[in-house]
Every structure is written in structure tokens, then in C-alpha cells.
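Enquirer: model this:
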Amino acid sequence: MELPNETLLEMFRDMLRSRRLDERGWVLQRQGKVSVHVSGLGHEATHIGAAYAIHRGKDYVVPYYRDLGLILALGLTAR
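Expert: From the prediction side, this is the model:
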């Protein structure tokens, strides 16, 4: 199944946003500003792929502590 270029670009942006937020969390943890940060670095593609494979509004998602990319792609904001 081929995906439209717009969808691929959106997926890439979701992966990039996930990576950047994860990196920032890691830096904050190293600075002592956050007590615990469980990184999902390197798993962005699986998170985004799962988010785009589910039937939104029909399937249930129970995110785990490393699923930052998944919840961002499903609409949770960084704030």
C-alpha cells in the first residue's frame, strides 16, 4: 500500500517532534530538573507507524511510558 506524499511528510514531522521532545526530556533529566525520564529514542518509527495504522475513534490505545511518539501522533500536544 502506497501512502500519499502528504501523509509521509506528516509522519516524518511526527517522528521529528517526538525525537526532539525526547531529547529535551533527556537534557532536563541530566540537568536535575526532571527526576525521571524514560527515553524512547530510536523507537519513533514504530510509534508513528502504530498511530497511523489504528482506526481512530474505533480502536483503543493504552500508551506506555515510552510511547511519546504514539500519543503525539494521536493528538496529544507537547504542552
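
Enquirer: center of this protein, which residue is that?
Expert: Gly69 (0.6 Å; C-alpha atoms, centre = their mean).

Enquirer: nearest residue to it in space, please, no chain neighbours.
Expert: His47 (3.0 Å; C-beta to C-beta, 6 or more residues apart in numbering). Glycine gets a C-beta too; all of them are placed from N, C-alpha and C.

Enquirer: name the element Asp14 belongs to?
Expert: For Asp14, the host element (DSSP states H and E) is helix 5-30.

Enquirer: over to Gly32?
Expert: Here Gly32 is assigned to no helix or strand, by DSSP H and E.

Enquirer: what about it, neighbour count?
Expert: 7 (other C-beta atoms under 10 Å).

Enquirer: could you do Gly40 as well?
Expert: By other C-beta under 10 Å, 20 other residues sit near Gly40.

Enquirer: would you check that it makes contact with Leu70?
Expert: No: using C-beta atoms under 8 Å, Gly40 is not in contact with Leu70, being 9.0 Å away.

Enquirer: mutual contacts of these two, please.
Expert: His47 (C-beta atoms under 8 Å, 6 or more residues apart in numbering).
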